[in-house]
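**Student:** With the sequence up front, the predicted model follows.
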Amino acid sequence: MFGKILIANRGESAVRVLRAAKELGIETVAVHSTADTQAMHVKLADESVCLGPPPARESYLNVPAIIAACEVTGAEAVHPGYGFLSEDAHFAEILAAHGIAFIGPKPEHIRIMADKIEAKRVAARLGLSCVPSSPEAITDLHDALDIAQEIGFPVLIKAATRRGRGMKVVWSRDELAAAVSASMYAAETGFGDGAIHIEKYLNGARRIEIQVLGDGVGNVIHLGERDCSLQRGQQLWVEGPSPVLDAGQRGEISELCAGAMREFGYSSAGTIKFLYESGRFYFVEMTTCIEAGHPVTEMITGLDLISEQIKIATGQSLSVSQSQVVLSGHAIECRIKAGYPAAFRLPPRKIEHYHAPGGPGVRIESAIYAGYSIPSAYDFLVGELIVHGRDRNEALMRLSRALDEFVVGGIETTIPLFQRLVNHDDMLTSQHKYQLGRAAHLSKRQSTVFPANKNTKELEEVAS
């Protein structure tokens, strides 16, 4: 086991890793920017190192500074959390060159899955059905038009090599040129590569994620699914086991994913993402790091995924076999943001009061506390509220109760919005007609908050 690890992240992600490390008897090193001097992960760690000023490129993405911090503190390994450098293959290779372990997958696996086009090629070879898409990266408008017409409108345009920026839904040929230009610009400014990728847009499909865990020596297990259909923009709001999959569907797609990752030789935690429509699963991408939604999986399996990641990085085999994995009950996670519910904007503000909910089946992943001032340089996440119940109805009732107990004074939060959503008829009946996963919030033709449906007006009032 490692004696000391450095956590190359901030916020609730860093705190979550720190807690797992402490339970394994491992000393921790926190890194931070000058804006995060008073952050919780800095206060809880055994040691801390300031990397630089608030901009992420000068601190949390500053690889030389992170390497220097490892050398100064004697950290043997780095856990990247999620976001920042967690899916940077070059970072993992640099660590290895300096004799520092990367707590995550092999660099080659990270690199393959970071490339949307190559990821689909590999997924198809491994037996996963893929969304119809462009076979190569696109850098020319005429090529984009040919591909879009071949696939058939509507299509989704995104950066070819990285996720999360410049995504555009295009409903017709007339809209394509402007969308392609905007996506290429976003990809170039965000990632230094303006190439784009086009895939079929499945309007109304649910987004289903399968959690896998492998040790790199042939042992791969699946740990159930998370339904991530309820989003605003590309920000996930609510997730949990899918209420629309039956045991047969769940077992079939899970076994298929585990078998594919076994053939792939995958190690560490990973999430394979699908669009689910009319009983069929279409591979979209794979996340090669722990995800913010991992507590949902932990609640229904009883496993500590961060602890498993750390053990795997030391060369240990998985601590459980597939037959020992038991999915129990239903869990739901809410991402509670700071800011004004309509616009989700917030100037730097001090948290005057803080009371986290408790009781049976309630868990909070947060890095805030009373007296903490939220820095303006980063994401305004209050925390992740996760609840567990024997079934979906009990989990929803527990979530409603926990939201009523949650007190954050001094700032506006999205708690009131979640209080309304959790009691909405579509949520209670699992219809999710206002699901936002890859839905029409990306389209100018429909609401910028929720897709059009019979309850659009009510939902827009909730959001405002």
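**Tutor:** Arrived safely. Numbering: from 1, shown residues only.

**Student:** ok, now how distant is Ala187 from Arg401?
**Tutor:** Going from Ala187 to Arg401 by Cβ to Cβ, to the nearest Å gives 43 Å. Every residue, glycine included, has its C-beta placed from N, CA and C.

**Student:** So those two - more neighbours on which side?
**Tutor:** Just comparing Ala187 and Arg401: by other Cβ atoms under 10 Å the higher neighbour count belongs to Ala187, 23 against 16.

**Student:** ok so Asn203 is a strand residue?
**Tutor:** No - according to DSSP: H, G, I helix; E, B strand; the rest coil, Asn203 belongs to no strand; its state is coil.

**Student:** List the contacts of Thr293.
**Tutor:** Careful, residue 293 is Gly and not Thr. 209, 226, 228, 236, 239, 271, 333 (Cβ atoms under 8 Å, 6 or more residues apart in numbering).

**Student:** Out of those residues, which sit inside strands?
**Tutor:** Mapping the contacts of Gly293 onto strands (DSSP state E) picks out 209, 226, 228, 236, 239, 271, 333.

**Student:** these two touch, right, the first one and Lys273?
**Tutor:** Going back to what we said before, that points to Glu209. Yes - judged on Cβ atoms under 8 Å, Glu209 makes contact with Lys273 at a distance of 5.1 Å.

**Student:** Same drill for these two, tell me which one is more crowded.
**Tutor:** More crowded of Glu209 and Lys273, by other Cβ under 10 Å: Glu209, with 25 against 19.

**Student:** got a pLDDT number for that one?
**Tutor:** Per-residue pLDDT puts Glu209 at 96.

**Student:** and His355, what are its bridge partners?
**Tutor:** Taking DSSP bridges as the rule, His355 bridges to Val407.

**Student:** what about it, how many residues close to it?
**Tutor:** 11.

**Student:** wait, what's in contact with it?
**Tutor:** His355 neighbours (Cβ under 8 Å, 6+ apart): 405-407.

**Student:** which of those count as buried?
**Tutor:** Among those, those scoring as buried are Phe406 (criterion: 16 or more other Cβ atoms under 10 Å).

**Student:** could you dump the contacts of His355 to TSV with pLDDT and distance to Asp36?
**Tutor:** Below are these laid out as TSV (pLDDT from 0 to 100; distance: Cβ to Cβ, whole Å):
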residue	pLDDT	distance to Asp36
Glu405	97	28
Phe406	97	23
Val407	95	24
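
**Student:** Tabulate the contacts of His355 (TSV), appending distance to Ile103.
**Tutor:** As requested, those are exported to TSV (distance: Cβ to Cβ, whole Å):
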residue	distance to Ile103
Glu405	34
Phe406	31
Val407	35
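
**Student:** ok, back up a step: who touches both of Glu209 and Lys273?
**Tutor:** Joint contacts of Glu209 and Lys273 (Cβ under 8 Å, 6+ apart) are Cys228.

**Student:** Show me what the mean pLDDT comes to for stretch 246-258.
**Tutor:** The average pLDDT within stretch 246-258 is 95.

**Student:** According to the record, where do the domains of this protein fall?
**Tutor:** For the chain, automatic domain parsing gives the domain ranges 4-103, 106-131+209-228+236-306, 132-200.

**Student:** Now do the helices in the stretch 201-350 of the chain.
**Tutor:** Ranges of helices in the stretch 201-350 of the chain, per DSSP state H, counting those that start in this stretch, are 247-264, 294-301, 305-313.

**Student:** Single out the most deeply packed of these.
**Tutor:** Mean neighbour count, computed with mean count of other Cβ atoms under 10 Å, is highest for helix 294-301 among the helices of the stretch 201-350 of the chain, reaching a mean of 24.

**Student:** gap between it and the chain center?
**Tutor:** 14 Å (Cα atoms, centre = their mean, to the nearest Å).

**Student:** Can you list the neighbours in contact with that helix?
**Tutor:** Taking Cβ under 8 Å, 6+ apart as the rule, helix 294-301 contacts 211, 223-224, 226, 239-241, 269, 303-306, 325-333, 361, 363, 365, 384, 386, 388.

**Student:** where in the stretch 301-450 of the chain is pLDDT low?
**Tutor:** Scanning the stretch 301-450 of the chain with the threshold set as pLDDT under 70 gives 340-348, 425-426, 428-450.

**Student:** Is Leu176 in a helix, a strand, or coil?
**Tutor:** helix.

**Student:** Model confidence at the closest residue to it other than its chain neighbours, what's the number?
**Tutor:** In this structure, Leu176 finds its nearest non-sequential neighbour in Val170, 5.2 Å apart by Cβ to Cβ, 6 or more residues apart in numbering. pLDDT recorded at Val170 is 92.

**Student:** Val170 contacts Pro154, correct?
**Tutor:** Yes - taking contacts as Cβ under 8 Å, Val170 lies within contact range of Pro154: 6.2 Å.

**Student:** residues touching Glu108, list them.
**Tutor:** Ala89.

**Student:** Could you confirm it falls within a helix?
**Tutor:** Yes - assessed by three-state DSSP, Glu108 belongs to a helix.

**Student:** Any figure for the gap between it and Val155?
**Tutor:** Taking Cβ to Cβ, one finds Glu108 at 30 Å from Val155.

**Student:** Tell me which helix or strand comes right after the stretch of helix or strand Val72 belongs to.
**Tutor:** Applying DSSP states H and E as the criterion places Val72 in helix 63-73. Of the helices and strands lying after helix 63-73 in sequence (DSSP H and E), the nearest is strand 77-79.
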